[in-house]
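Asker: Test case, fold it:
(one chain, ligands or ions: 3)
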Amino acid sequence: MVSKINSIGLFGLDSYMIEVEADVTKGQQAFDIVGLPDSAVRESRDRVRAAIKNCKYKYPTGHITVNLAPADVKKEGSAYDLPVLLALLIANGQINPKINLDECLFIGEVSLDGTLRGVNGILSMAIGAKEQGIKHFFVPKANEMEGSVVNGISIYGVNTIGEVISHIVGSSAILPAEPYDISRIENNNHFLDFSEVKGQTVAKKALEIAAAGGHNVLLIGSPGAGKSMLAKRLPTILPEMTFDESIDTTKIYSVAGELDSKTPIILGRPFRSPHHTVSSRAISGGGAIPKPGEISLAHNGVLFLDELPEFSRDVMESLRQPVEDGKVTISRVAGSLTYPSAFTLVAAMNPCPCGFYGHPTRKCTCSPTAVRKYLNRISGPMLDRLDLHIEVPPVEYGALKSATPEETSESVRQRVNKAREIQNQRYKGTGITCNARLLPGMLSKYCVLTAEAEKMLSSSFERLGLSARAYDRILKVSRTISDLEGKELIELSHIAQAIQFRSLDRKYWEG
Ligand SMILES: Nc1ncnc2c1ncn2[C@@H]1O[C@H](COP(=O)(O)OP(=O)(O)OP(=O)(O)O)[C@@H](O)[C@H]1O
Ligand SMILES: [Mg+2]
Ligand SMILES: [Zn+2]
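Answerer: Ligands and ions are numbered 1, 2, ... in the order given. The predicted model follows:
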């Protein structure tokens, strides 16, 4: 008898149904798995064999054929152990199902003693399964909570194969998980607060603009000036993620295997801060079946590159396209995959190798060539993509010791939220959510300048020798400054500020 069990596979963040068919015929003992399995699926053979024996079932004698369809998609991992095992025991008559298996889906790695191990990507799978009309999804216990975030499909957390078999034959039922109540987890992004940063009014204003419009930021200043401190607090003034954003970000963590079992859904905006020795593959994503990289793990959040000039040229190059597009395409022989990567880029750097170039009191000990070489590690196109250039001067003693309380993140975030609300309304139905993501064709419609502002922008464009990209980005930043003030048109002062925040490249790079 040929048996059939439903399972599910992943392609990037998307899932597709897999049918696991098993057949046992008389003949020489053999166990073939077909359907382009990789080595992990072949190893599944050994685990399934051991698990069947250890759980007091009989390993079928004869020629076993297991087919994972569709055959033309490369399947990965050990997640098909459970469906393979079940299909096998049904095919040779050891399990007599009393439930409608067409409505059920099974996934999980079995260990030799018959317990189930968790797999990656359950969230995407549960969403996909529900869309395919599956009613009951059996997952390893470790994945139960993650699956139960999805409404409209019953999730069953399974400890052992014995348990799931008892359920199938109707001898004892597994209860479906309670739907996950999101209010159970706190959005605990906020151990840090803006109010801890004394002074630095300009830098804070710039970060507020960045948060309000989703713009990229470069922080430049001497050691100890507070660049890292400021950057780490950016997530605390970003608007809370919407439910859809949470799901999108969580899918990425789920597929990457970065979700911890206690937090089945990510509510706080991610803050990724890879070390400067990171490879471009770890940044962009990759592998035989490409996993998301840092830029995708930062989706809907912040990617912080501390000590920017120390990152390899490869890494900086690999950032260029995703920063522009909000997504990354990873090409492999097996086909290409796209992962979302809409993050706010925050880069920090010293102005020179010793760190004191341009410092008000300390002397820079670097030669002009050394300074130039250091700054030139950041290419023009990279610099162009950093919308707000913020000079972080050393904090003055008076400000540091001042007893005047600084504004809290919560209070700044209220202004940010207001500006975001304006953007949400304005861009309804356009597919974009914030000013930073405005497409070139949208600028003339959404960024209308007063005559004065227009004049200033056109004269600056020539005087400062701006690139077309820098021009577009100045417009978008000025749109955000205007939104923070609740204005309809972009005024002279908005343009002036936006240009001001792009002036460091001239101070440092073209001095
Ligand atoms: N404005 C400030 N208010 C309060 N504390 C500050 C401020 N600036 C700096 N500090 C203190 O100095 C420490 C060093 O700051 P931070 O690590 O952010 O500097 P940095 O600019 O990143 O330096 P580096 O270039 O060496 O990485 C902070 O952890 C904080 O304790
Ligand atoms: Mg630092
Ligand atoms: Zn120096």
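Asker: helices and strands around the longest strand belonging to the chain, which ones?
Answerer: Criterion DSSP state E: the longest strand present in the chain is strand 14-25. Judged by 3 or more Cβ pairs under 8 Å, 6 or more residues apart in numbering; DSSP states H and E, strand 14-25 is in contact with strand 3-11, strand 63-69, helix 81-91, helix 122-131. Backbone N, C-alpha and C define where each C-beta goes, glycine included.
Asker: Which strand or helix spans Ile495?
Answerer: Assigned by DSSP states H and E, Ile495 falls within helix 492-500.
Asker: can you list the residues that contact the helix or strand following that helix?
Answerer: Remark: after helix 492-500, the chain's next helix or strand is helix 504, criterion DSSP H and E. With contacts defined as Cβ atoms under 8 Å, 6 or more residues apart in numbering, helix 504 is touched by 218, 220, 389-391.
Asker: re the thing from before, can you say which of the helices and strands packed on strand 14-25 is packed in most?
Answerer: The highest mean neighbour count among the helices and strands packed on strand 14-25, using mean count of other Cβ atoms under 10 Å, belongs to helix 81-91: a mean of 26.
Asker: Kindly export the helix holding Ile495 (C-alpha atoms) in CSV.
Answerer: The C-alpha trace of helix 492-500 is given here as CSV (Å, rounded to 0.1, in the frame of the first residue of the first chain):
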residue,chain,number,x,y,z
LEU,A,492,13.3,77.1,3.5
SER,A,493,14.3,76.1,7.1
HIS,A,494,13.6,72.4,6.4
ILE,A,495,15.8,72.4,3.3
ALA,A,496,18.5,74.4,5.2
GLN,A,497,18.6,71.8,8.0
ALA,A,498,18.6,68.9,5.6
ILE,A,499,21.6,70.4,3.8
GLN,A,500,23.3,71.2,7.0
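Asker: so where is the protein shaky, pLDDT-wise?
Answerer: Scanning the chain for pLDDT under 70 picks out 36-38, 40-41, 74, 77, 183-190, 333-334, 506, 510-511.
Asker: so the longest strand of the chain versus helix 122-131, what angle?
Answerer: Here the directions of strand 14-25 and helix 122-131 differ by 80 degrees (axes from the mean of the first three to the mean of the last three Cα atoms, to 10 degrees).
Asker: that older thread, now for the contacts of helix 504, which pair is the farthest apart?
Answerer: Using Cβ to Cβ, the contacts of helix 504 span at most 9.5 Å, a distance reached by Leu218 and Glu391.
Asker: which of the two has more neighbours?
Answerer: The residue with more neighbours, out of Leu218 and Glu391, is Leu218; 28 against 19, by other Cβ atoms under 10 Å.
Asker: what kind of secondary structure is that one in?
Answerer: Under DSSP: H, G, I helix; E, B strand; the rest coil, Leu218 falls in the strand class.
Asker: again with Ser459
Answerer: Secondary structure for Ser459, judged by three-state DSSP, is helix.
Asker: by contact count, what packs against the host helix or strand of Glu462?
Answerer: Secondary-structure assignment from DSSP H and E places Glu462 in helix 451-463. Using 3+ Cβ pairs under 8 Å, 6+ apart, the elements in contact with helix 451-463 are helix 468-484, helix 492-500.
Asker: Please work out which residues outside it touch it.
Answerer: Helix 451-463 has contacts (Cβ under 8 Å, 6+ apart) with 449, 466, 471, 474-475, 478, 489-492, 494-496, 499.
Asker: got it, and stretch 354-362?
Answerer: The contact list for stretch 354-362 (Cβ under 8 Å, 6+ apart) reads 222-223, 350-351, 363-366, 371, 391, 393-394, 507-508.
Asker: Go again with 6 Å.
Answerer: Stretch 354-362 is contacted by residues 222-223, 351, 364-366, 371 when judged by Cβ atoms under 6 Å, 6 or more residues apart in numbering.
Asker: what's the neighbour count on whatever residue of the stretch 351-500 of the chain ends up closest to ligand 1?
Answerer: For the stretch 351-500 of the chain and ligand 1, the shortest gap (Cβ to the nearest ligand atom) falls at Val395, measuring 3.8 Å. Applying other Cβ under 10 Å, we find 18 other residues in the vicinity of Val395.
Asker: Point to the residue nearest the middle of the protein.
Answerer: The structure's the chain has its C-alpha centroid closest to Leu297; by Cα atoms, centre = their mean the separation is 2.8 Å.
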